[in-house]
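Undergrad: how does the following fold in three dimensions:
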Amino acid sequence: MALIDDTDVVLSPAVTGGTGSIGDYFELLKPRVMSLVIFTALVGLMLAPGGLHPLLAAVALLAIAVGAGASGALNMWYDADIDRIMSRTARRPIPDGRVSPSEALHFGSVLSVLSVLVLGVAVNWVAAFLLAFTIFFYVVVYTMGLKRRTSQNIVIGGAAGAFPPMIGWAAVTGTVSIESIVLFLIIFFWTPPHFWALALVKSEDYARAGIPMMPVVAGERSTRLQIFTYALVLAPIGVAPAVLGFASLAYGVFAAGMGAAFVALSARVAFHAKSGAEAKRINMQLFFFSIAYLFALFAALLVDGVVSRIIS
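TA: Okay, the predicted model is just below:
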């Protein structure tokens with residue numbers, strides 16, 4: 001669930017009887033990704049019209065977080081073979097031999113079912129269905145179907161990481177609306193330039209693992225141009241909440257400024273990056289700024305939503 005974790009390391013296959021600690025199992029949940037999922041789901045929940053009892057809201061966020069973590073565990077189970085090859089993932093619990101593949105599979109499967117059932121029984125089944133579909137999309141469609149077969153893997157698969165605010169919205173309203181779709185689209189169009197900026201730096205890792213990430217298949221120049229194109233599309237979508245009236249003008253001005261900065265950095269990557277250390281530095285600047293961009297936009301939306309509730 002969508003949208004990041006060095007020396008080349010060759011490890012023996014994970015032992016069949018893992019002896020993982022609580023920390024190892026927590027690492028399977030991809031906690032950094034989970035934190036972003038919780039945050040964006042919270043924004044969707046807070047912006048939705050109406051309200052949800054604080055206890056039910058907490059249960060909904062917990063279920064969404066557990067579902068996201070379950071997706072991460074199942075992703076690590078399936079990708080253990082290529083995780084051993086890539087330097088940035090070789091120290092994950094399964095390739096490092098701390099958790100066995102079967103343990104990770106059972107762990108992720110149980111958490112997936114429990115998260116969906118809890119969300120459905122405690123909150124509503126529309127949100128539960130969206131959570132179930134998100135887990136399926138990330139594990140089956142992206143991890144098993146797209147990741148090793150197409151350079152569009154992160155474009156299509158990025159939808160999984162874009163669903164959490166929609167799930168949060170549905171937890172309150174029991175519906176999917178244009179507002180929640182806009183929140184989805186912000187993350188959806190943010191994901192490719194965010195991941196491709198890192199992929200430009202880690203392209204050798206992806207090539208060694210046989211993953212057809214865009215820089216490996218289409219080359220760096222094409223990838224850079226596509227990053228710029230996605231930034232041009234993303235910038236106005238980031239402003240859309242203000243245009244559609246579910247965020248304030250102040251948010252719109254802030255989002256426009258952040259979008260302009262995103263486009264400017266993407267232009268540097270596309271047209272001014274040279275090679276070697278300079279290119280890596282510029283690519284990583286965009287990568288880290290993209291994280292700040294998404295966090296800032298959703299934080300602004302959250303503040304905007306809280307202020308509007310207080311005023312009304």
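
Undergrad: and the helices in the stretch 51-200 of the chain?
TA: 54-78, 80-83, 101-122, 125-136, 153-157, 159-162, 164-173, 178-201 (DSSP state H, counting those that start in this stretch).

Undergrad: now tell me which helix or strand of this structure has the poorest mean pLDDT.
TA: helix 203-209 (a mean of 85; mean pLDDT, DSSP states H and E).

Undergrad: beyond that helix, next helix or strand please.
TA: Sequence-wise, the next helix or strand downstream of helix 203-209 (DSSP states H and E) is helix 214-217.

Undergrad: tell me the mean pLDDT for that following helix?
TA: Mean pLDDT, computed over helix 214-217, is 90.

Undergrad: return the set of buried residues in the helix or strand just after it.
TA: Per DSSP H and E, the first helix or strand lying C-terminal to helix 214-217 is helix 220-243. Residues of helix 220-243 classed as buried by neighbour count (16 or more other Cβ atoms under 10 Å): 220, 223-224, 226-228, 230-231, 234-235, 237-242. The C-beta positions use only the backbone N, C-alpha and C, and glycine is treated the same way.

Undergrad: got the angle for helix 220-243 vs helix 178-201?
TA: 160 degrees (axes from the mean of the first three to the mean of the last three Cα atoms, to 10 degrees).

Undergrad: can you list the low-confidence ranges for the stretch 151-300 of the chain?
TA: 273-274 (pLDDT under 70).

Undergrad: kindly export stretch 248-258 (C-alpha atoms) in PDB.
TA: This file holds the C-alpha atoms of stretch 248-258, laid out as PDB (Å, rounded to 0.1, in the frame of the first residue of the first chain):
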ATOM      1  CA  SER A 248      -9.600  27.400   1.700                       C
ATOM      2  CA  LEU A 249      -8.000  30.000  -0.500                       C
ATOM      3  CA  ALA A 250      -5.000  30.000   1.800                       C
ATOM      4  CA  TYR A 251      -4.500  26.300   1.200                       C
ATOM      5  CA  GLY A 252      -4.800  27.000  -2.600                       C
ATOM      6  CA  VAL A 253      -2.100  29.600  -2.500                       C
ATOM      7  CA  PHE A 254       0.200  27.400  -0.400                       C
ATOM      8  CA  ALA A 255      -0.400  24.400  -2.700                       C
ATOM      9  CA  ALA A 256       0.300  26.500  -5.700                       C
ATOM     10  CA  GLY A 257       3.600  27.600  -4.300                       C
ATOM     11  CA  MET A 258       4.600  24.000  -3.400                       C
END
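
Undergrad: what about the closest residue to Ala162 other than its chain neighbours, distance to Gly44?
TA: Taking Cβ to Cβ, 6 or more residues apart in numbering, and ignoring the residues beside it in sequence, Ala162 has Ile187 as its nearest neighbour in space, at 3.8 Å. Between Ile187 and Gly44 the distance is 11 Å, computed by Cβ to Cβ, to the nearest Å.

Undergrad: common neighbours of these two, please.
TA: Common contact partners of Ile187 and Gly44 (Cβ atoms under 8 Å, 6 or more residues apart in numbering): Pro165.

Undergrad: on that earlier part again, these two touch, right, the residue nearest to Ala162 and Gly158?
TA: Yes: between Ile187 and Gly158 there is a contact at 7.5 Å, judged by Cβ atoms under 8 Å.

Undergrad: number of nearby residues for the nearest residue to Ser109 once chain neighbours are set aside?
TA: Of all residues not flanking Ser109 in the chain, Leu74 sits nearest, at 7.1 Å (Cβ to Cβ, 6+ apart). When neighbours are counted by other Cβ atoms under 10 Å, Leu74 registers 24.
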